[in-house]
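Visitor: below: sequence and its predicted model.
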2 protein chains.
Amino acid sequence: MSVSGAETPSRSADSFDFARAGTLVLQARDRIRPFVHTTPVLSSSTLDRLVGGSVFLKCENFQRTGSFKFRGACNAVASLSETERHLGVVTHSSGNYAQALALAAQLHHAPAYVVMPSNSSQIKKQATVGYGAKITYCEPTHAARHETAERIRMETGATFLHPFDDSRVFTGQGTACLELLDEVESLDLILAPVGGGGLLSGTLLAAKHHSAGTKVIGCEPEGADDAFQSLQAGHRILDFTPHTIADGLRTPLGEITFPIIQGHVDDLVLVSEADILHAMRFVWERMKIVIEPSSAVAIAPLLNGSVRATGKRVGIIVSGGNLDLTALFDLLDAQLV
Amino acid sequence: MSVSGAETPSRSADSFDFARAGTLVLQARDRIRPFVHTTPVLSSSTLDRLVGGSVFLKCENFQRTGSFKFRGACNAVASLSETERHLGVVTHSSGNYAQALALAAQLHHAPAYVVMPSNSSQIKKQATVGYGAKITYCEPTHAARHETAERIRMETGATFLHPFDDSRVFTGQGTACLELLDEVESLDLILAPVGGGGLLSGTLLAAKHHSAGTKVIGCEPEGADDAFQSLQAGHRILDFTPHTIADGLRTPLGEITFPIIQGHVDDLVLVSEADILHAMRFVWERMKIVIEPSSAVAIAPLLNGSVRATGKRVGIIVSGGNLDLTALFDLLDAQLV
């Protein structure tokens, strides 16, 4: 996955010094505090009983725009100079990051240019436009997305902000873990989903610098196991076709996020599609909150026993609650008498 | 709807003196405090913008057993003498009250006998058994339910606790409103759904005694408009066939709850099935919480404009979050690759 804008310092792999980045997440937290929600940490006695431990869900489904993506987008936009902000920001996204960057830019009075594949869902287009972004549609290919974003960057002078492979973005994502560590003491484990690796990198930054005894486990769908394969191979696997309901996790790891994960993650577990749905249903039914499939990926390993939590204190980063409910409500609608 | 056990003092219509009942909800709150969750009050800037006011959702979907019913059941069981508790409690229910009474009894070390129609959903049977209740199945008719419950009452000496038409039950339900009034000042309006009228009676008790300036509006499905018809007629309408997705609201008003509502409710509004689904979808999608159709009935009047909230502070009693997600997840399951 080659990404335009890779020449900027914050996106160069060897420029990111994990050992010296301990204060970055703290700085990000201060920077975005006026804009983000401090999301609740929820627990469930049923879940605790099932796993034999204490489980704490950091609920980024209650974050603005419905996912953790807003944290990173907000930190990146707030990090720009006044001149840069005036020229705006540009990205390509078909998902949660489009809305997140649109709102972050709006709150900072910066123009936002979002490149979306023409086949993006109506609800995501509307939400992104609703936050004041200018959408440019392109063919639904990686090449078309990058070329279109690069063209807009050249034309407008806007700063390209990658959805995850940018230290300004992933240090922002790490603030969710930091809040969790503030609220819940002595966590033995933290589980987070892995897609492009931004959330996991941010979580590793926060946990390894601010809670040394806490292990961090990445959770990935079997149907998009590129992070698992990449760790095995020792280099990024970019050529794969994802087959998973967890639409936020279909992306390959980034140039910068890969070495962070390679160097610091304690374990990486895979979960089946059936286990993802089972975990999602458990949370909807028992905890009464709407989480997206990508979030369920980090809960499934506790329910299927692949991560043993007996007697442990476990934090989960619940990534978001955005999913298209059209099919579900069409079904209910058809049942009306 | 004639109900066995109507001879006990707390279930006699003329024994309930609304004007003198101001302290009952306060007493109920103290009585059940060790057992219930103080549920969160949530708001949504999108909802506020849509209605032009400030809306506060009292989220009983996060209550134990997933609905407000636990409050009333808990207050009723806690009100019994030690001898009565030893003999146990009996009721008939196919829904939320079965689980609520089962857990309330378990927490008070009282046997619970629950009569359920043989066609009750598997998930509700399991949950009720899970809380230690003894289930007796009967034909799915009103007569069979009452007769079976009465037989068990005679055989065991257990106390019959009606799902709503019992002051010990509905004063318990009023504690949700009391908590809302404690947390949110100066509410202009409170909206609550109406089925048998227990939640609305309890809400009226709490609001009229503890927040005199707050109007209370009952919300009912068009497809089960017996409360609306009953208020028009001046007497209870018992003979109707409900057609609504809001399964908690298919019941006629009780002997005791009817005069309370007749005497004190400020208004009663009807909502269509389409508006119920629309409101439910709005809350799932935008607020990321799972609410049941009966809860959406009290939110729909704000979204469709039949209750004007411009510039007002509005409380909503969100009754619960229990609904069968089997069909929805079967749909997702079928989409797995």
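Guide: Right, received. Where do you want to start?
Visitor: so A:Ile316: helix, strand or coil?
Guide: The three-state label for A:Ile316, taken from DSSP: H, G, I helix; E, B strand; the rest coil, comes out as strand.
Visitor: can you count the residues close to it?
Guide: Residues within reach of A:Ile316, counting by other Cβ atoms under 10 Å in any protein chain shown, total 27. From N, CA and C alone the C-beta is placed, and that goes for glycine too.
Visitor: break chain A down into its structural domains.
Guide: Domain segmentation of chain A under automatic domain parsing yields A:15-68+A:167-324, A:69-160.
Visitor: can you tell me the closest non-neighbouring residue to the closest residue to chain B within the stretch 101-250 of chain A?
Guide: Using Cβ to the nearest Cβ, the single residue of the stretch 101-250 of chain A nearest to chain B is A:His243, 4.5 Å away. In this structure, A:His243 finds its nearest non-sequential neighbour in A:Gly223, 4.0 Å apart by Cβ to Cβ, 6 or more residues apart in numbering or on different chains.
Visitor: same check, this time on A:Tyr137
Guide: Taking Cβ to Cβ, 6+ apart, and ignoring the residues beside it in sequence, A:Tyr137 has A:Ser118 as its nearest neighbour in space, at 4.5 Å.
Visitor: which residue is nearest the centroid of chain A?
Guide: With the centre of chain A defined as its mean C-alpha position, the nearest residue by Cα atoms, centre = their mean is A:Leu199, 4.6 Å away.
Visitor: wouldn't it be in contact with A:Ile316 here?
Guide: No: A:Leu199 is beyond contact range of A:Ile316, at 11.7 Å (criterion: Cβ atoms under 8 Å).
Visitor: show me the contacts for the residue nearest to A:Arg85 when sequence neighbours are not counted.
Guide: In space, not counting the residues next to it along the chain, A:Arg85 is nearest to A:Ala110; the distance is 4.3 Å by Cβ to Cβ, 6+ apart. Under the criterion of Cβ atoms under 8 Å, 6 or more residues apart in numbering or on different chains, the contact list for A:Ala110 reads A:77, A:80, A:85-86, A:88-89.
Visitor: neighbour-wise, give me the winner out of those.
Guide: When neighbours are counted by other Cβ under 10 Å, A:Val77 leads these with 31 neighbours.
Visitor: any idea which helix or strand carries it?
Guide: If you go by DSSP states H and E, A:Val77 is part of helix A:69-79.
Visitor: which residues does that helix contact?
Guide: Taking contacts as Cβ under 8 Å, 6+ apart, the residues outside helix A:69-79 that touch it are A:28, A:31-32, A:35-36, A:60, A:63-64, A:85, A:89, A:96-97, A:99-101, A:103-105, A:107-108, A:110, A:161, A:163-164, A:166, A:168-173, A:175-176, A:198, A:202, A:320.
Visitor: same check on stretch A:200-211?
Guide: Outside stretch A:200-211, the residues that touch it by Cβ under 8 Å, 6+ apart are A:18, A:21-22, A:24-25, A:72, A:164, A:170-178, A:181, A:187, A:190, A:192-194, A:214, A:216, A:218, A:256-257, A:260-261, A:264-265, A:317.
Visitor: now with 6 Å, please.
Guide: A:21-22, A:25, A:170, A:173-174, A:177-178, A:181, A:190, A:192, A:194, A:214, A:216, A:218, A:257, A:260-261, A:264, A:317 (Cβ atoms under 6 Å, 6 or more residues apart in numbering or on different chains).
Visitor: residues of chain A that sit close to chain B?
Guide: Counting by Cβ under 6 Å from any Cβ of the partner chain, the positions of chain A adjacent to chain B are A:61-62, A:243, A:273, A:277, A:281, A:284-285, A:288-290, A:321, A:325, A:328-329, A:331-332, A:336-337.
Visitor: now the buried members of these.
Guide: A:61-62, A:273, A:277, A:281, A:284-285, A:288-290, A:321, A:325, A:328-329, A:332 (16 or more other Cβ atoms under 10 Å in any protein chain shown).
Visitor: among those residues, which one sits closest to A:Glu155?
Guide: Comparing these against A:Glu155 with Cβ to Cβ places A:Gly321 closest, at 35.2 Å.
Visitor: give me the nearest residue to the closest one, chain neighbours excluded.
Guide: Among residues not flanking A:Gly321 along the chain, A:Asn61 sits closest, at 2.9 Å (Cβ to Cβ, 6+ apart).
Visitor: just give the number of residues close to A:Ser54.
Guide: Using other Cβ under 10 Å, the number of residues around A:Ser54 comes to 18.
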